[in-house]
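Student: Provided below are the primary sequence and the corresponding predicted coordinates.
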Amino acid sequence: MDAELIRNGLMAAQWLTTCWLAFYTISSNKQRASNKAVEELHKRIDEKCERIARIEGDLKATPTRQEVVRIHERIDEIINTSRENNLLLGQVLGQLKQINGGK
């Protein structure tokens, strides 16, 4: 009877140890998975922060609306000056033809 009681006690201890190891393994794996997920989340957040910082830097380098309007006004001035110069050149060429006798 004593040997059977010891055998049953050892079997119960073995069963409890197996259950404890299974619980420990599952909780440890969950902890590792959650740590890995948190690390991946931090990595993605860092990448997005870097991307946002680059976009903000690019945004600061873009001209303002007033600067764009000023640039377009300057381009219009240059185009008008070019047209006036072409008209003046045409007049000068016409006068040169008259001076040279219409050749």
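Tutor: Yep, that arrived.
Student: In contact with Ile75, which residues?
Tutor: Ile75 makes contact with no residue under the criterion CB atoms under 8 Å, 6 or more residues apart in numbering. Heads up, the C-betas are built off the backbone N, CA and C, glycines and all.
Student: next one: Pro63
Tutor: Here Pro63 is in contact with Ile71 (CB under 8 Å, 6+ apart).
Student: Specify the local secondary structure of it.
Tutor: The local conformation at Pro63, judged by DSSP: H, G, I helix; E, B strand; the rest coil, is coil.
Student: what about it, distance to Leu10?
Tutor: In this view, Pro63 and Leu10 are 83 Å apart by CB to CB, to the nearest Å.
Student: cool, Arg70 as well?
Tutor: Relative to Leu10, and taking CB to CB, Arg70 is found at 92 Å.
Student: just Glu73 next, same as before
Tutor: 96 Å.
Student: likewise Leu96?
Tutor: Leu96 is 122 Å from Leu10, by CB to CB.
Student: cool, and Gly94?
Tutor: Gly94 sits 121 Å away from Leu10, going by CB to CB.
Student: Then Lys60?
Tutor: 74 Å.
Student: Between the two, point out the one with more neighbours.
Tutor: Leu10 (10 against 7; other CB atoms under 10 Å).
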